[in-house]
Structure formats: C-alpha cells, structure tokens
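Chemist: Here is the input, now give the coordinates:
(2 chains)
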Amino acid sequence: MTRIAELFETLEYGPAPESAASAEDWLQGHGHAFHHFIGGEWVKSDGGERLEVGNPATRERLADTAQGTLGDVDRAVAAARAAFEGWSKVGGHARARHLHALARGIQKHARHFAVLESMDNGKPIRESRDLDIPLVARHFYHHAGWAQLLDKEFPGMVPHGVVGQIIPWNFPLLMLAWKVAPALAAGNTVVLKPAEFTPLTALRFAELTVEAGLPPGVFNLVTGDGRTGAALVEHPEVSKIAFTGSTEVGRIIREATAGSGKRLSLELGGKSPFLVFEDSDLDSVVEGVVDAIWFNQGQVCCAGSRILVQEGVAPELERKLKARMETLRMGDPLDKSVDMGAIVAPVQLDRIRGLVDRGIEEGASVWQPSWAVPREGLFYPPTLCTDVAPSGTLAQIEIFGPVVVLMTFRTPAEAVELANNTRFGLAASIWTESVNLALDVAPRVKAGTVWVNCTNLFDAASGFGGYRESGFGREGGREGMVEYLRPAWESETSPAAGGVPTSRALAASAASVPTPSERAESPGLGIPAIDRTVKLYVGGKQVRPDSGYALPVVGGDGRLLGTVGRGNRKDIRNAVEAARRAQGGWGKSPAHLRAQILYYMAENLAPRGHELRERLIGEAGLSWDEAELEFKVSLERLFEYAAWADKWDGRVHATPFRNVTLAMIEPLGVLGIVAPSAYPLLGLVSTVAPAIAMGNAVVALPSETYPLIAGELIQLLDTSDVPPGVVNLVTGPHTELAPVLADHDDVDGIWYFGSQGERATQIERRSAGNMKRSWVPHGRARNWLSPVEGSGEEFLREATQVKNIWVPYGE
Amino acid sequence: MTRIAERSSRWAGGGEVGAREAGPGRNPGVPLELDWIREIRVNRSAVERRAATFGTRRSVKKEWQAAWLLRAVSLMDLTTLSGDDTAGTVRRLAAKARYPVRDDLLDAMGMGGAGLTTAAVCVYHAFVETAVEALEGSGIPVAAVSTGFPHGLSPLPQRLAEIRSSVEAGASEIDVVITRAHVLNGEWVALYDEVRAFREACGEAHIKTILATGELATLRNVARASMVCMMAGADFIKTSTGKESVNAILPVGLTMVRQIRSFLERTGHAVGFKPAGGIRTAKDALLWMYMMKDELGNPWLDPSLFRFGASSLLADIERQLEHHVTGRYSAYHRHPMA
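Modeler: Presented below is the predicted three-dimensional model:
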C-alpha cells in the first residue's frame, strides 16, 4: 500500500513544520552569542560570565548571553538617564511616531519573531503566531495613541525618569511590549532585563529599535539572571521598577526598594479560579479549560488552575474534559498542528513534577491522557487532579504548568468563598448562561480580571494586574498609562519644605510629643473646664485603649491640653476587624449614599467652626487665619469627595472583540491611613474622605503631634450616619502603631504621611508581607492646603483598583 | 486495500461508535424528551472562538494533505440543485461522481485501483430516475432533496408523497427540510412528529434532515432542532439547503456536532452530519474535517457518518491534488467538468 493510500485510511495528522530558517540565520549572524544593548549599540559585559540559552523542545543550545554585572547595569542606566531629557521633551507626537514605527516593525517581522519565540520558549507556533506577536504589535499601536494624546489626557502628569523593567520567560516579547510601550509613550527611558531563559526576542527587538530609528539610550537591554535584576532594582538612578514574575521575587523587590522612593508596579503569581455553574454551556467550558490551563503549557500567571464546578454537573464536566484531553496534540512547538509545546526549562519541569508528586502523596487523583509524551525535550502532559481539598498543595500553590485541579461547590455563595480562598487575586473565569449570576459573582471575586464565559483574553486597551498578593498596578489601558506617570508638582516643589507654612514644617519635623513642663492650669480661680478625654473610636464606639493608658497632649506653650488614649497593637487588631466587618456593606453601598454621608459630615462640621479653630490655635499654635483656612479647606474637601463619590466611575474599554470590557472601579478594601502630623484636621479629612468616598473602610492614625482633634472628629462621625466601623481612629505613638498596620495581613492598602526616613521605609518593607499596596510619598512634602497637592484624582486612584470584567455577548 | 464502497459500511455496524439497534447505519430515534431540549445551553461567543481555532490548531501538508483531500472526495454528495438542471447536466454529474479525479493523478498517488467515487449524487426529485440510471452498477447512491425543498411549506400530505415518490424512483437517501416555524416557535412536539412522519415515509432510505440553520436565528435553536431531529430518528442532520443567505459555517457545524455527541452519549446511536452550502475550497473542506476528527473522531470522516453537500468543491480539490502530484499550480480547465 502506498503512503497516501495508507494515510487515506488512517487520516493521521502528519508533521506540519514551520521553517526555523530565518531565526537560525539570525542566530548564526550573531555567532550565537549576544551582548547587552546600551545606548543604541551592542556592548560587551565587563564580566566574563555567560548564560546558555537553550531550545526546550530539543535541548539544543541556541545562543549564549552575558550575565549583566553591576557595571553593566550602571552603564545602561547612565545611557537611559542621558537619553531621558531629550526623550521626555521631544513631545507626544514624536514619541507616537516612534511607537508607531515599532508597531510596524513588529508586524513586518511578525513570523520571524514568532518562530524565534517558539524556539526559545517552547510555546506552540500557533500561540506565538496568532496571540503573542499580534498582541505585541497591538500594544505598540495602542500606546502610540497614548503618546499622541498624553498632554490632553493626562494634564499635570510627567514621566518618572529611568524605568527598570524585569520580565518573565512565559511571554517574553509580549511582556516586553506590555512594559516598554507604555513606559516610552509616557516619556520614560527604559532599562529592560529579559528572563535568562528567554532573552532572544528581546535581543531581536533591540535591533528593531535601531531599524525603527529610536534614539539611542531610550531603550536599553541588559541580559542576566536574578543578580542582574537585583542590581537594576537597587540602582539609585532608577525611578521606577516594573516587574512581572513570581510573588516571591516581587516581595523581595518590594523590600529592596522600600524607602528608596522608587515607584513599583508588580504583576505577580496567581491561582485563578475557573467557576463553572450548572447552567453553563459545558462543551464551551471544556474549551475554556483548554484555553485556561493548557495554553502556553499552563505557564501563565493568570491560568485558570482551579476549576470550581457546581456539584450536579461535575461528573459530566470531568468526563468531557478527559475526552478532550485525549485529542490534544503535544510535540514540536514549531509544528502547526500542535496544541501544546515544551516546558521552558528543566528546573520548571522538575518543579511541576515535584508538586504533582506531593499532590499524589496528599491523596489527589491524577489523570493524564493515554497518548505518549515526546521523549526528547522538556514535556509534561495535560493533567487533571481531583480529590483535592482546598487545603491541598495542588489547590494552594501556583504550579505554573499544565496541571489543573477540579473541586466542587454547591451554591454561588460557596463558589465565591472558595474562589477567594487564596492569597492571590489575579484573574477569574465565570461560566454561566445567566447574566444575573455572572454580574453578581464578578464583583465579589477578588481578581483584577474577570472573564465571563471566556478566559485568557488580553488587549492593550484593557488593564491587566492583580489584587492581593498577585501584585499591584495595571498594564494596558488608561489605568496602565498612569503607572508610568507622576504628578508634575512633585518635581516643582523642593523635597524639603516647599509650599508648607514654616510653622507647619517645624511641627511636622518634631519627632516626638513634647512633655508637659507644668500641670495644666485652669483659667484663674473660676470654675474649671470639664475634663475631656479622647478615647479611641473603633467599630462606631468610643472605646478605652487596651493598654489602659492615656497620653498627655501639650500645647505649643507647654500647657497640658488634654489626654488621648494610648492605642497599642491590640487596638489596631480590633480596629481592623471592625473595618473588615464594615467594608463589605460599605463597599457595596450606592455611591449616592456615600456622597450623602460625606455631605452630612460637612453639614455637621460647619457649625463647629469656632470650636475647631480654637482647638487648632490652642493645640497646634496656628494663627487665627491659618486655623480659619484649615477649617474652610477641610469643609471643601468633604464637598469635593462627596462630589467624586458617584463620579469616579469606570469605563467600557474598546477591546477588539464582540464584548463589553467593563473597567469597574473597586475600593481597595480595608485601608490603613497614617495621617500627616502637621495638619491635624485637614490632613485627616483629606485622607479619610477620599478613602471612604470610594468605599473603603479605614483605620486611621490621627496626627501624632496634635491628636486631640480626633475627639472632634469622633463626634462628627457619630452624628453623620457614618456606619460603625467604616472609620476607625486609633491615637497613640505612630512608631508603634503604624508598623502593626503595615504588617497586618487583612489590611489591603496603607497610606503613610507620617514622619519620613526609616519609619517610612519600614512601612514599605513591612507591606511586603501580604503585598498590600502602599502609598508613601518619600521626602516629598505635600501642601495639604493646595487643591492640586492635597486632593484630587491621585487620592482617588490610590483608594481604588480597577477590575476589568470581560463579557462577550451574542445569541 | 478495501474498496471504498465496502469500507463505507464498516462503521455502520457500530463498533467504536456504540451499538446501533436497528439495521445497518440507522438511528431508530427515541421518544421525545423535552428535558433534553430544555437543558441545552449554547454560548455563541465561546462556540465562535473554538470554531476559529480549527484552522489555526491543525494543518495537514504533503502526502497527508493529498490523502485527506482524496478522503474529502469520497465524502462528497456531489450536488446539482438548479432551476435549469436537465437530464443532460445530471448525467454529466453522475459521470463525474464515478470518476471524480483524473486517473493519471490517482495512479501517481497510488490510488489507481481504489475505486474512488463521491459518496452520493444529490438531485431534485425530477432527476432521481436519470441519476439512478446513470449510476447503475457504480454502487453510488442517489440522494433526493424533498418535502417542498428548499422552504418546506407545501402541505404535509404532499411532502410525504414527495418522499415516497423519490424512494420509489430509486433514491436511497432523502434530504428533507424541516418546518422552520416549529423551531422558531418552540413547537418541539410538532417538529418531532413531522420528522417522524418523514422518516416513516422514507422506509429503507436514509433520512437527512436539513435544519436550514441560516433561518433559525440562534445557535441555541440550531442545537435544539438538531436534538429533536435526532430523537425523531434522523440518520443525518444537515446544516442548509444551500439556498439560505448563510449556509454551512463552522460555528453552526460545531453546535450540531456537539449535539450529535450528546445524543450518542445519551442513546448510543451515532448520527451523521452533513454541512452543505458555501464549502467551495479544499481548504474549507479540511477545516470541516479537522473539526470532525477532533470533536467526534475518525468514524465521522467516513461517508456513513459525514458528507459534504457541495457542487464546486470537487474542482478545487482536483487542482490541489494535481499540484501535489506535479508540484505546479493547476488550472480548472485541466480537470473534466461535472
């Protein structure tokens, strides 16, 4: 029987290889050895260490690259720094032209990039060809648009300077695009470190920047492993770090940059839930699982690795999944008929095997299809795990491989509970034919991206990023652009004391509470004033401090003005618990209601002007004019955030699919606020008001120097219908209390406007525990009286996070 | 090698696809289960996403491609359904069905002795006798479109009579059209009864129910109609008459194929699938074949369970086959016309 006659009977899929010739020629042209790309040219490392880059499907060596040294990073940053002035000033339109040229360049060499990517990473050519590379071009086009519109759309914002970017190996060129395109659009210059396993497309991109005429030094590339990354993170001339990778490394970066003033955006790990309700299209769900966990061999940070399926349909889904797994094809990534390619590196393959073994030891049932995995190369079969408890290794740990667990739930409420039973919060998929159910569950799942009846859809117009320990910051869309910009006023005011009244600056620098020089005296021999004791305010009640101690508050003239409760760590614990209880309802309450309450606060504050002015004059030693101004601005702030409450709303992103991509604004959750000391009233109002306007519950530490004002605020909160627990005030030494807040694993974000230096650094370092978002304006004094510095969108952005909900439609 | 006509019945007895109760290759149907209809969920966007990847996840090249295209020829209901059909054009079509690919090309591919023919010839009732006569001795069945094709709106007794006439005239396969209104109005009992009556009228002839999916508005309707027709005993479900504005498209095909799988799982009966209308290129044909292989497996790449309803497809396949043999791009006029 001839070959064709035989194939006529068997109808097998034969080999359908994509040619590797062009990629091989390119590697050959470079002698299979690469250097750094600095200031527009190839630059040899000042060290001799080389890193080998292999093809994971064949185990062949593709090239070797330099291990970047401190000196190499230094040179790259210097080149970027030198280019910054010109690049940031060249204008949005010029930058738009450059980004447009890069997008064109990517498209012109699309297949070349795709082949190179598949050889380097092991992903099937279908994915690099149809998903990675087209998205890369899309990101450059989209951000060419942002460059063009920058001045109009982001007034008062300027670039950071030199941005250090560290990207992972799972989507090498796509992650480059996600980082480089917005950074350049905003006017930053870049030093990029690709992953040591997969530097090739980034190196090819470096060449493209030359072809496209990008000015030297705007994009620099230093290859190397984690040591090179660390050097970049620690470099003093780098103004911002953007990192995508594991939560473990993200945490190290958060700690390493604490106190440096570097801005951070971190896109970290995930263990994303994939919720299947009984009324879903199960055949489509199966394909959803294929796209969720067998896309890129499961090496996807947002991989839907936890299938949570309603009990009644679980057996049917399991059966359908197994049947589908049998028809997946695994093999040469350059084969056009392959669904799954190779695992990126031996260490990753070992990790996957190790975790699955642990799962089996814990009692998991593991199912793999009957077909044989290729023997050469680094391959791991698609794997379905059942009999896994939520506490099991396979349900908890991010595997980063083609391994999915299937667990069941009974009700939508239980589904949400299980979905959120993780430290991560990157993405989620919800499958149901009921729009009511989908839109009920989507806001309740803690995740930066929620896909309804779809999964792993990405686009440059939609922000991507995490909640919780999956990181913070967004990439893509308007929300992503903001990450590469900062308020212009920061560089206009000198870090020392610009714009702050001198008396305030002095007061703010007073590190400790003055001790009373003498006993408080009652005025003359008349009737003494009624003693006022300011307690803590927790869960809507005035409570005595756990310590049983009070702190004296002394006026500028040394007179004892009163006492406040001395809060301790247990008071913080109680306050956070109260805030957590309150936040659910408050976050879901209509924005109109929150606005009404803020207006009511202003209404109740207004008649207390006399009292508050006296307090400010007596306690903080302000002049009458200064006290009057602080009071008036505080009133206005309440109005401003009442106004914003129902106007800082989301968007519908224009993503190129038939769907609505809802960029929904959500509160962070429980927010810790360390209020500025210099403005006892305005500082507290300016921070608490935006936080609660956006639906957060707050644990605030009032001014350390002038805490008595808290007493007035407690009365205000009590009379203004603020639900118990939404605002909690704990007075006491910030040195003791602020770190407890920063450490707390159930606090979602922390704003620190307390004294700078080591204390501020501590806040950032400690926030790494649960990767809570921190806002610590290092060394930048803020004039709280100024509407630009003391209020506005910056506060709203810091109080919220964007959740993108993708809802395809069509009957 | 086995001759294709013999091989065609290989799956009909059951084996891998589950036991079939009544006679070779027949779906006896089951009582109407309204619950099965109510449970059907089809998410259009998700179906479209999956359908879009058959062509990007799979590719066949070289000998594999030639073999697949030859198989596509054997799966074809070579069709003429024009108002200006005559006995002459039908006889030409029948001749093409017997010898769909030039002998020299078949020889070059080692398929010279394989007896490659199309799966059937499909005509209007008026030409059944002509076609039967022209195909005598070839073993190629004649299929007749029936029941007031393409709209299906003539009186029921007439539609039933039309079936009987075609069977009597020698058609062994009857492609019937369903009443779309039954689907659009959710009249599942009426649809079931209608198809049951058609099937009964078909007697020994196999029945293919044409859903005219382009007129069913939603994929959910397509799925429901597929399931009702299978419960009523359809041997094949078929997408289109070729006369609707939208004919065979992959999302619709995928929706129907998934229902075939569901029906097989529930009843053990394997029902065939026939996309028709708009499949004109070799590349199109391969897309449908990837879908059948990946969704239902090789048994559904056999004429007993899969057919293309096509008229111009064959000509493109011939060109591609010649290109495979000679390495040169071919031209239509080099291949005998139907």
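Chemist: rest of the way, CA atoms for contacts and neighbours
Modeler: Fine.
Chemist: Spell out the residue ranges of the strands in chain B.
Modeler: B:76-79, B:120-124, B:142-146, B:173-177, B:206-210, B:236-238, B:272-274, B:308-310 (DSSP state E).
Chemist: Tell me which residues of the fifth one come out buried.
Modeler: For strand B:206-210, the neighbour count (16 or more other CA atoms under 10 Å in any protein chain shown) marks B:His206, B:Ile207, B:Lys208, B:Thr209, B:Ile210 as buried.
Chemist: Looking from chain B, tell me which residue of the stretch 551-700 of chain A is nearest.
Modeler: Taking CA to the nearest CA, chain B has its nearest neighbour within the stretch 551-700 of chain A at A:Arg658, 7.9 Å off.
Chemist: Just give me the neighbour total for that residue.
Modeler: Neighbours of A:Arg658 under the rule other CA atoms under 10 Å in any protein chain shown: 13.
Chemist: give me every residue that touches the residue lying closest to it once chain neighbours are set aside.
Modeler: Residue nearest to A:Arg658 in three dimensions, not counting chain neighbours: A:Pro808, with 5.8 Å by CA to CA, 6 or more residues apart in numbering or on different chains. A:Pro808 is in contact with A:Val452, A:Asn453, A:Cys454, A:Phe657, A:Arg658, A:Asn659, A:Val660, B:Ser45, counting by CA atoms under 8 Å, 6 or more residues apart in numbering or on different chains.
Chemist: And the first one, how far from A:Tyr809?
Modeler: Which is A:Val452. 10 Å (CA to CA, to the nearest Å).
Chemist: wait, isn't A:Val404 in contact with A:Ile293?
Modeler: Yes: contact criterion CA atoms under 8 Å: A:Val404 and A:Ile293 qualify, at 6.6 Å.
Chemist: Need the residues touching each of those two.
Modeler: Residues touching both A:Val404 and A:Ile293 by CA under 8 Å, 6+ apart: A:Gly304, A:Ser305.
Chemist: Quick one: the strands of chain B as a markdown table, columns for distance to chain A and mean pLDDT too.
Modeler: Listed next are the strands of chain B as a markdown table, based on distance: least, CA to the nearest CA, whole Å; pLDDT from 0 to 100:
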| stretch | distance to chain A | mean pLDDT |
| --- | --- | --- |
| strand B:76-79 | 15 | 98 |
| strand B:120-124 | 19 | 98 |
| strand B:142-146 | 24 | 98 |
| strand B:173-177 | 23 | 98 |
| strand B:206-210 | 21 | 98 |
| strand B:236-238 | 19 | 98 |
| strand B:272-274 | 18 | 98 |
| strand B:308-310 | 17 | 96 |
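Chemist: on that earlier part again, the residue nearest to A:Arg658 bridge partners, please.
Modeler: Going by DSSP bridges, A:Pro808 is paired in beta bridges with A:Asn659.
Chemist: Neighbours of A:Gly48, how many?
Modeler: If you count neighbours by other CA under 10 Å, A:Gly48 ends up with 10.
Chemist: sec struct for it, please.
Modeler: Of the three states, A:Gly48 takes coil under DSSP: H, G, I helix; E, B strand; the rest coil.
Chemist: got a list of what it touches?
Modeler: A:Gly48 touches A:Ala66, A:Gln67, counting by CA under 8 Å, 6+ apart.
Chemist: Check the gap between it and chain B for me.
Modeler: For A:Gly48, the distance to chain B equals 43 Å [CA to the nearest CA, to the nearest Å].
Chemist: Per-residue pLDDT of that residue, please?
Modeler: With respect to pLDDT, A:Gly48 scores 95.
Chemist: mean confidence score for the longest helix anywhere in chain B?
Modeler: In chain B, with assignment by DSSP state H, the single longest helix is helix B:250-267. Helix B:250-267 shows an average pLDDT of 98 in the prediction.
Chemist: thinking again about what came up before, ok, the contacts of A:Pro808 vs A:Pro216, which is closest?
Modeler: A:Pro216 lies nearest to A:Phe657 out of those, by CA to CA, at 36.6 Å.
Chemist: For A:Thr432, see how far away the nearest residue to the closest one once chain neighbours are set aside is.
Modeler: Leaving aside its sequence neighbours, A:Phe657 sits nearest to A:Pro808 (CA to CA, 6+ apart; 7.7 Å). Going from A:Pro808 to A:Thr432 by CA to CA gives 12 Å.
Chemist: Repeat that for B:Glu265.
Modeler: Using CA to CA, B:Glu265 is found at 23 Å from A:Thr432.
Chemist: neighbour count winner among these two?
Modeler: A:Thr432 (22 against 13).
Chemist: Quick check: end-to-end length of stretch A:154-161?
Modeler: Terminal residues of stretch A:154-161 lie 17 Å apart, using CA to CA.
Chemist: How about it, which residues are buried there?
Modeler: Within stretch A:154-161, the residues that qualify as buried by neighbour count (16+ other CA under 10 Å) are A:Phe154, A:Met157, A:Val158, A:Pro159, A:His160, A:Gly161.
Chemist: Alpha carbons of stretch A:674-681, in PDB - could you do that?
Modeler: Provided in PDB are the C-alpha atoms of stretch A:674-681 (Å, rounded to 0.1, in the frame of the first residue of the first chain):
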ATOM      1  CA  VAL A 674      -1.300  57.400  58.900                       C
ATOM      2  CA  ALA A 675      -2.400  61.000  58.700                       C
ATOM      3  CA  PRO A 676       0.100  63.800  58.300                       C
ATOM      4  CA  SER A 677       1.000  65.400  61.600                       C
ATOM      5  CA  ALA A 678       1.200  69.000  60.600                       C
ATOM      6  CA  TYR A 679      -2.400  69.400  59.600                       C
ATOM      7  CA  PRO A 680      -4.400  67.900  62.500                       C
ATOM      8  CA  LEU A 681      -7.800  68.500  60.900                       C
END
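Chemist: what's that stretch in contact with?
Modeler: Outside stretch A:674-681, the residues within contact range by CA under 8 Å, 6+ apart are A:504-505, A:507-508, A:616, A:620, A:630-631, A:634, A:683-684, A:687, A:700-707, A:709, A:734, A:738, A:750-755, A:784.
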